[in-house]
Structure formats: structure tokens, C-alpha cells
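**Q** I would like to see how this sequence folds:
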Amino acid sequence: HSLRREERIPTGSNDRGGNGVTGLSDDQQAITPEGLKALEAELAELEGPKRAALSKRIQAAREEGDLKENAEYHIAKDDQSHMETKILRLRERLRSAVVVEADGDAKVVAFGMPVTVTDLESGKKQSFTIVGPTEAKPAEGKLSSESPVAQALLGAAPKAEVEVETPAGTRRWRVDSLGD
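**A** Numbers count the residues shown, from 1 in each chain. The predicted structure follows:
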């Protein structure tokens, strides 16, 4: 798709904008290279096979006769409306996506870089990767760059202690390591 900007912005700086990544305007969304691939694949699937299958469902339902009382037809049309809305949203995300590459040489926590931390109260170790808001999956350790946890970690060097606002309250974490 030619909808996305072909910019690549390195990370590693502590000077970051409101979206958690250096050099991006408010209408741009940081995304990892992996996140971009997943976004493009989802859009291709919806615009290709899924759209074609839904079109066949609508056609089959239409052939059943009176459309006023044809529940399958109305359900398929609703599904089509939802899918087209999702396609529009994905296209907009793709348009505003800017690939931000993790800087393997960064000396501080940066976008796209794995980080391991220790909760100083409980001793629990956790690993995270800070990703774009649309890629976030906290259960998989992928934190939105806009989240309070990511904001606390961004720019912190190994051995630094940071205060992190979590749903369970304020925690003190130590940054143990950067990278894998």
C-alpha cells in the first residue's frame, strides 16, 4: 500500500513528544516494523478475501427473495458496514503510521526496545517492549508508548529507579537491562 509515510525515525533520545517518540507530530503514530507488517496484513485480508466472502453472503441472501423480511441479508449488510468502517480505520492508521526502529545501541529505554525491570517492593522481574498505541498488548508485554508505565520508563538508563503509576498504585522499579 502506498498509504504510509516512508519515514524511519531512530529512537534512543530522551527528548520525546506527547506520543512518547522523538520527532513525531501529533497526527503521526509510531509503529514498529513488525506492527506495520501486521497492520498491512490485516488490511489486505479485509480488503481481499473477507470482503469477497461477505459480498457472496449478501448476494446469496439477496437471492432468497423479499429483502424486508430477510434476516440473513440484514445481518450480512450490518457485517459489511462494520467491516468497511474497520477498513477505513486501518487505512487511517496506516496513513499516520511512521516506522520507528529500535536503536540497538541506545543507552536508555527507547521505543521498540525490550527492557527488563524489577519491582523494588516485590522483587518481581518483568520484561516489556514499548510499542505504538495500536500495537499494545499488555498481556504480551507490549506497552503503549502513551501509557503511564511507558512514559515513566522512556529515557531511563540501566540501574535507574523510576516511579511507575500502575492500576495497583505507584510502584518503584529498577531498570535492569535493555535489549533481549
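**Q** max-length helix in the protein?
**A** For the chain, the helix with the greatest residue count under DSSP state H is helix 71-96.
**Q** ok, and the closest non-adjacent residue to the residue nearest in space to the middle of the chain?
**A** Residue closest to the mean C-alpha point of the chain, counted by CA atoms, centre = their mean, is residue 135 at 1.7 Å. Nearest residue to residue 135, sequence neighbours excluded (CB to CB, 6 or more residues apart in numbering): residue 35, at 3.9 Å. Using the backbone N, CA and C atoms, a C-beta is placed for each residue, glycine as well.
**Q** name the element that neighbour belongs to?
**A** helix 33-45 (DSSP states H and E).
**Q** The next helix or strand after that helix relative to helix 71-96, how many degrees between them?
**A** Proceeding N to C from helix 33-45, the next assigned helix or strand is helix 51-62, under DSSP H and E. Put simply, helix 51-62 runs at 160 degrees to helix 71-96, going by axes from the mean of the first three to the mean of the last three CA atoms, to 10 degrees.
**Q** Now helix 51-62: buried residues?
**A** Buried residues in helix 51-62, defined by neighbour count with 16 or more other CB atoms under 10 Å: 54, 57-58, 61.
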